[in-house]
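>>> have a look; sequence and predicted model below, questions after that.
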Amino acid sequence: MAFKRVVVTLHSIKNTGTGPDPGDELEIFGRISVGKLVFVPEIGQTVAGNVKNVFDHASDQTLEIPQGFAFNFPPAHRHELDISDGQQLQITGRIGEQDDIGENDFFPNIDIKKSFAGITTETLIIPLNESGQKIEINMSTVVAAEG
């Protein structure tokens, strides 16, 4: 069966707009996970497997990112996994912005699925917007081996 060894790396989160909130920075928290989706015939369902969080910050451990700047992650914020023909790569996430007054803001959910054939070496720029607060998540996928 054909396979691809895929390396998914989180490079940065950039604040592209603070929106109406006071101050010139966003306080970012949340989680971004990378894994694969596998169909299990015995139960007739697709399940997530080999999942790793490449970003995991609680709301009391925010990243403070000034407008126009990016927080660059060290190379350890990556996940290497083997994906076989018939499986999918999945990147999911829920990112929030901490507010001192009122409820925290949450950006739209991240849910990217790539079929086996669609997994290539590429840069992924994921723009998210919540009421004028804007971030860009910079990730990449690299096909390190195929067989």
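Yes, it's here.

>>> center of the chain, which residue is that?
Nearest to the geometric centre of the chain sits residue 32, at 4.0 Å (CA atoms, centre = their mean).

>>> for that one, what are phi and psi?
phi -130, psi 130 (degrees, to the nearest 10).

>>> which parts of the chain are strands?
Residue ranges of the strands in the chain, as given by DSSP state E, are 3-17, 25-40, 45-57, 63-66, 70-72, 78-84, 88-97, 105-106, 110-115, 122-130, 133-146.

>>> how about those strands in a markdown table, adding mean pLDDT?
Formatted as a markdown table, the strands of the chain follow (pLDDT from 0 to 100):
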| stretch | mean pLDDT |
| --- | --- |
| strand 3-17 | 97 |
| strand 25-40 | 95 |
| strand 45-57 | 94 |
| strand 63-66 | 96 |
| strand 70-72 | 97 |
| strand 78-84 | 97 |
| strand 88-97 | 97 |
| strand 105-106 | 93 |
| strand 110-115 | 97 |
| strand 122-130 | 97 |
| strand 133-146 | 97 |
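
>>> look up how far residue 85 lies from the residue located most distally from the centre of the chain.
Ranked by distance from the centre of the chain (CA atoms, centre = their mean), the top residue is residue 42, with 30.1 Å. As judged by CB to CB, to the nearest Å, residue 42 and residue 85 stand 19 Å apart. Every residue, glycine included, has its C-beta placed from N, CA and C.
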